[in-house]
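Chemist: predicted model and sequence follow; I will ask about them next.
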Amino acid sequence: AMRSLGMHYIRNDKIDDAINCFEKALALNSLYEKIWFLLGCAAMQLGDWSKAQNAFMRVVSLDEDHSEGWNNL
């Protein structure tokens, strides 16, 4: 549910709320590559470069061939 709610917040430009939802979802299951990527993008929008870097590192550790993850990293 947190993944879906986070994506809803992203679509409605509520970035802080989206980040909170994504972090809750990832606390339950940290293998959601797409959610890590969305978390990284949301963090970049807020200028939280440390959180963005961590998220994109998780993306590429889950999928070495994730070109967008590498590009954003």
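Modeler: Sure, I can see it. Numbers count the residues shown, from 1 in each chain.

Chemist: any idea how far the residue of the chain positioned farthest from its centre lies from Glu33?
Modeler: Among the C-alpha atoms of the chain, the one most distant from their mean position (Cα atoms, centre = their mean) is that of Asp65, at 17.1 Å. In this structure, Asp65 and Glu33 are separated by 11 Å, where distance is defined by Cβ to Cβ, to the nearest Å. Glycine gets a C-beta too; all of them are placed from N, C-alpha and C.

Chemist: same thing with Asp16?
Modeler: Going from Asp16 to Glu33 by Cβ to Cβ gives 22 Å.

Chemist: these two: which is more packed in?
Modeler: When Asp16 and Glu33 are compared for neighbours, Glu33 comes out ahead with 16 against 10, by other Cβ atoms under 10 Å.

Chemist: next one: the more buried one from Asp17, what distance?
Modeler: As defined by Cβ to Cβ, Glu33 lies at a distance of 21 Å from Asp17.

Chemist: low-confidence regions, the protein specifically.
Modeler: Applying pLDDT under 70 to the chain flags no residue at all.

Chemist: helices of that one, start to end?
Modeler: Assigned helices in the chain, in chain order: 2-11, 15-28, 33-46, 49-62, 67-72 (criterion: DSSP state H).

Chemist: ok so, going back, quick one, phi psi at the residue farthest from the centre of the chain?
Modeler: Geometry field for Asp65 lists phi and psi as phi -100, psi 10, criterion degrees, to the nearest 10.

Chemist: cool, and Ser30?
Modeler: Taking degrees, to the nearest 10, you get phi -90, psi 10 for the backbone angles of Ser30.

Chemist: please apply the same query to Asn12.
Modeler: Here the main-chain torsion angles of Asn12 (degrees, to the nearest 10) amount to phi -100, psi 20.

Chemist: gap between it and Leu5?
Modeler: Asn12 sits at a distance of 11 Å from Leu5 (criterion: Cβ to Cβ).

Chemist: look at those two and report which has more neighbours.
Modeler: A side-by-side neighbour count of Asn12 and Leu5, using other Cβ under 10 Å, places Leu5 first with 16 against 10.

Chemist: OK, contacts around the more buried one?
Modeler: Residues touching Leu5, when contacts are defined by Cβ atoms under 8 Å, 6 or more residues apart in numbering, comprise Cys21.
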